[in-house]
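Asks: what's the 3D shape of this:
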Amino acid sequence: MARIAPESRWDAGEPWMHPAASRIARKSRRMRTPFAGGPSARQESSISDARRSPSATPLSRTAEGGRNSMFLAALLLAAPAEDLQARLRHLESAAAAWAPAPSPDTTRVAFLTTLFGARQAATVELEGSYPTQLTDEPEGVVEVRYLPSEPGRLVVVALRDGRRRLILFEEEGAPPIPVDPDPGDQLLGGFSRDGKKLFYAVQNGATVSLRMFAVDSKKSSEVAPPPPASGTQPAAGSLPLAEALSGLFAVGPPSPDGRAILALVHRKASEAVVIVDIASARGDVLVSSEKPARFRQPRFSPDGRTVYVLTDADRATMGVDAVVVLGRARRTIHAPAQNVEAFAVSEDGHRLAVAVESNGQDIFSLLDFPSLRAQPLAVPPSGALAEGGLVWDHASERLLFGWRLSDDTTDVWELRIGRGTPSRITRSPRPGLSRASITRPSPVRVGDGLAWLWRPAEIARPRVAVVIAAVPTRPVFDKRIAALNFAGIAVLAVNGEGAEKAALRYLKSAQDLDPREPLLLNPDGVEVEDRSRWGGIVSGPGQHRGGLELDRDHPDLRALVRYARRGASAL
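Replies: As a prediction, this is how the structure comes out:
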């Protein structure tokens with residue numbers, strides 16, 4: 001029997017139907033095309049299970065509820081179309097903030113945000129104020145940093161004609177100044193310690209050049225080897241710059257004295273860290289691996305003698321290693337059983353902060369040099385780091401980071417070391433949506449791994465959308481998932497190898513999910529083994545894999561819901 005809330009009263013006209021469902025049924029008969037939306041608040045108190053409830057129509061009175069009863073039950077318990085459309089509009093208005101960068105005097109922080117539409121850079125006082133929009137780039141912004149030597153001035157990596165371009169901005173609103181007019185992608189490397197030089201690389205096809213921008217004179221120059229007449233002999237084993245930077249995918253930061261700069265490159269079997277001597281314009285591989293391995297987030301120690309890097313070379317998980325510049329000796333600093341997501345070395349070089357993944361979420365620890373004993377740090381409510389990682393302020397007193405929550409927007413937070421819990425610096429809007437209205441994920445065991453299930457509570461046996469991605473899906477708020485939940489569709493995120501097969505096996509055995517015509521969300525274009533097993537496939541833009549293409553940053557939520565509901569009408 002269907003469960004009815006104590007305060008419910010039966011309608012005399014249709015004694016087998018809950019009053020809220022009865023009103024929707026009468027309305028649907030007047031409509032040419034009924035719209036099955038999300039649940040209304042009134043209907044949340046009634047849960048209908050088609051396998052145990054009376055059949056919805058005389059033609060489907062069977063022990064199993066009939067072929068049409070499940071779809072009709074979902075339709076009768078659905079919210080009005082205008083309620084779903086309002087929720088989708090609220091979702092589209094929700095914003096996010098991440099990738100903080102503190103000012104030199106630590107009074108303000110710059111960050112990336114979708115508050116103004118496309119990804120833009122904004123600044124806010126560290127103690128709290130209304131955010132100030134810094135950029136208005138049609139294609140968006142991917143990075144922002146303050147100039148160390150000039151308060152109120154920032155360098156931004158903006159997308160123009162699909163290329164990364166370095167542009168100088170001022171908080172006072174002066175016209176932006178392009179750093180370099182030459183074509184190609186410009187990769188931000190970082191500043192010298194005095195802030196007078198900006199290092200960057202320009203990639204144009206197969207050609208890569210390393211350059212410097214003088215902040216005072218606003219002139220660029222290419223890093224080039226000294227003339228032969230100087231008599232300078234290249235260091236033994238060093239490589240010409242073009243060869244050293246072959247396969248470049250990231251550059252920076254420079255050493256504290258500005259004489260060298262780090263770069264990340266692809267090699268045949270592995271990624272590698274390259275160190276470039278600015279004076280001789282020659283590079284050398286600092287650390288690599290004979291087996292496939294990743295190297296990320298390299299940075300110098302304050303004295304410039306050591307390079308810290310995040311890597312999984314010679315182990316199964318990512319950890320922090322230290323490499324001595326002279327001699328190339330490498331040792332492990334912190335490599336727990338779980339992946340280290342990000343790390344940050346304080347400006348004074350005395351402390352190392354790390355974020356470690358644990359069951360899909362992140363936890364923080366602090367290590368003091370030289371003991372390297374890990375001490376737990378307070379973190380915000382359960383969630384995960386956003387893009388941008390961990391950043392120390394210049395006084396080494398607080399950590400700044402973007403944080404993704406399971407039922408709220410992504411925002412910039414700060415943690416003052418030794419002063420209690422983290423606090424929120426920005427508060428991105430989510431108009432019309434309470435935290436209670438956003439479904440929180442539950443961990444489920446799928447195959448041999450941990451998966452996450454966002455299940456709308458008001459539907460007894462909802463249809464399912466499965467997420468597979470190149471990067472593991474985290475149990476955090478996602479507009480695409482929330483939109484499907486509002487439309488009465490559960491979302492199952494499965495990570496790791498064999499995710500597609502594992503998800504299909506799980507759906508076949510799940511008693512509280514409808515396995516028919518599942519939707520596949522494949523934002524990273526992972527190879528699909530059997531397209532015929534899916535009722536529809538949603539991929540990223542430009543992948544041309546059929547189905548619906550959806551932008552990750554600005555998804556068309558209405559198109560997603562329409563596409564997902566397309567399969568329901570055939571059940």
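
Asks: hey, let's count contacts and neighbours off CA atoms from now on
Replies: Noted.

Asks: State whether P456 is indeed within a strand.
Replies: No - P456: not assigned to a strand; according to DSSP: H, G, I helix; E, B strand; the rest coil it is coil.

Asks: my read: it touches I438, true?
Replies: No - judged on Cα atoms under 8 Å, P456 makes no contact with I438 at a distance of 9.3 Å.

Asks: Have a look at the two and say which one is more surrounded.
Replies: Between P456 and I438, counting by other Cα atoms under 10 Å, P456 is the more crowded of the two (25 against 21).

Asks: ranges for the strands of the stretch 251-400 of the chain?
Replies: 260-266, 271-277, 282-287, 295-300, 306-311, 319-324, 330-334, 340-345, 351-358, 361-368, 374-377, 383-392, 398-405 (DSSP state E, counting those that start in this stretch).

Asks: For these, give me JSON lines that also has distance to P183 and mean neighbour count.
Replies: JSON lines is the format used below for those (distance: least, Cα to Cα, whole Å; neighbours: other Cα atoms under 10 Å):
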{"stretch": "strand 260-266", "distance to P183": "21", "mean neighbour count": "23"}
{"stretch": "strand 271-277", "distance to P183": "23", "mean neighbour count": "25"}
{"stretch": "strand 282-287", "distance to P183": "24", "mean neighbour count": "22"}
{"stretch": "strand 295-300", "distance to P183": "26", "mean neighbour count": "22"}
{"stretch": "strand 306-311", "distance to P183": "31", "mean neighbour count": "23"}
{"stretch": "strand 319-324", "distance to P183": "35", "mean neighbour count": "22"}
{"stretch": "strand 330-334", "distance to P183": "38", "mean neighbour count": "16"}
{"stretch": "strand 340-345", "distance to P183": "32", "mean neighbour count": "23"}
{"stretch": "strand 351-358", "distance to P183": "37", "mean neighbour count": "21"}
{"stretch": "strand 361-368", "distance to P183": "39", "mean neighbour count": "19"}
{"stretch": "strand 374-377", "distance to P183": "45", "mean neighbour count": "14"}
{"stretch": "strand 383-392", "distance to P183": "26", "mean neighbour count": "21"}
{"stretch": "strand 398-405", "distance to P183": "32", "mean neighbour count": "25"}
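
Asks: Same list (the ones you listed) but as JSON lines, adding mean pLDDT and distance to A236.
Replies: Shown next, in JSON lines, are those (pLDDT from 0 to 100; distance: least, Cα to Cα, whole Å):
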{"stretch": "strand 260-266", "mean pLDDT": "98", "distance to A236": "17"}
{"stretch": "strand 271-277", "mean pLDDT": "97", "distance to A236": "13"}
{"stretch": "strand 282-287", "mean pLDDT": "96", "distance to A236": "10"}
{"stretch": "strand 295-300", "mean pLDDT": "97", "distance to A236": "23"}
{"stretch": "strand 306-311", "mean pLDDT": "98", "distance to A236": "20"}
{"stretch": "strand 319-324", "mean pLDDT": "98", "distance to A236": "18"}
{"stretch": "strand 330-334", "mean pLDDT": "96", "distance to A236": "20"}
{"stretch": "strand 340-345", "mean pLDDT": "97", "distance to A236": "31"}
{"stretch": "strand 351-358", "mean pLDDT": "96", "distance to A236": "34"}
{"stretch": "strand 361-368", "mean pLDDT": "96", "distance to A236": "36"}
{"stretch": "strand 374-377", "mean pLDDT": "93", "distance to A236": "39"}
{"stretch": "strand 383-392", "mean pLDDT": "96", "distance to A236": "36"}
{"stretch": "strand 398-405", "mean pLDDT": "97", "distance to A236": "41"}
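
Asks: Tabulate the ones you listed in CSV, adding columns for distance to L91.
Replies: Formatted as CSV, the strands of the stretch 251-400 of the chain follow (distance: least, Cα to Cα, whole Å):
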stretch, distance to L91
strand 260-266, 37
strand 271-277, 39
strand 282-287, 45
strand 295-300, 33
strand 306-311, 35
strand 319-324, 36
strand 330-334, 39
strand 340-345, 28
strand 351-358, 28
strand 361-368, 23
strand 374-377, 32
strand 383-392, 19
strand 398-405, 15
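
Asks: closest to Q120 out of those strands?
Replies: Closest of the strands of the stretch 251-400 of the chain to Q120 is strand 383-392, at 14.3 Å (criterion: Cα to Cα).

Asks: Tell me the helices and strands packed up against the closest one.
Replies: strand 97-102, strand 340-345, strand 351-358, strand 361-368, strand 398-405 (3 or more Cα pairs under 8 Å, 6 or more residues apart in numbering; DSSP states H and E).

Asks: Just send those strands back as TSV, with distance to A490 too.
Replies: Shown next, in TSV, are the helices and strands packed on strand 383-392 (distance: least, Cα to Cα, whole Å):
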stretch	distance to A490
strand 97-102	27
strand 340-345	28
strand 351-358	24
strand 361-368	21
strand 398-405	19
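
Asks: residue ranges with poor pLDDT in this structure?
Replies: 1-82, 231, 567-571 (pLDDT under 70).

Asks: let's see 80
Replies: Applying pLDDT under 80 to the chain flags the ranges 1-82, 128, 229-234, 420, 544-546, 567-571.

Asks: okay, now the domains of it?
Replies: According to automatic domain parsing, the chain comprises the domains 19-79, 435-568.

Asks: In space, what's closest to A378 - neighbours in sequence excluded?
Replies: T421 (5.6 Å; Cα to Cα, 6 or more residues apart in numbering).

Asks: Can you report how many residues neighbour that neighbour?
Replies: Count around T421 with other Cα under 10 Å applied: 13.

Asks: same deal with the one 10 residues further on?
Replies: By other Cα under 10 Å, the residues close to P431 number 14.

Asks: can you tell me the helix or strand for it?
Replies: Under the criterion DSSP states H and E, no helix or strand holds P431.

Asks: Surely it touches S93?
Replies: Yes - between P431 and S93 there is a contact at 6.8 Å, judged by Cα under 8 Å.

Asks: Helices of the protein, start to end?
Replies: 19-30, 69-76, 81-93, 241-244, 479-486, 499-509, 557-568 (DSSP state H).

Asks: Can you list the neighbours in contact with the fifth one?
Replies: For helix 479-486, the surrounding residues in contact (Cα atoms under 8 Å, 6 or more residues apart in numbering) are 37-39, 84, 87-88, 91-92, 438-439, 454-456, 490-491, 555, 557, 560-561, 564.

Asks: Buried ones among these?
Replies: 37-39, 84, 87-88, 91-92, 438-439, 454-456, 490-491, 555, 557, 560-561, 564 (16 or more other Cα atoms under 10 Å).

Asks: residues near G525, how many?
Replies: For G525, using other Cα under 10 Å, the count is 18.

Asks: dump the residue contacts of it.
Replies: Here G525 is in contact with A469, S539, G540, Q543 (Cα under 8 Å, 6+ apart).
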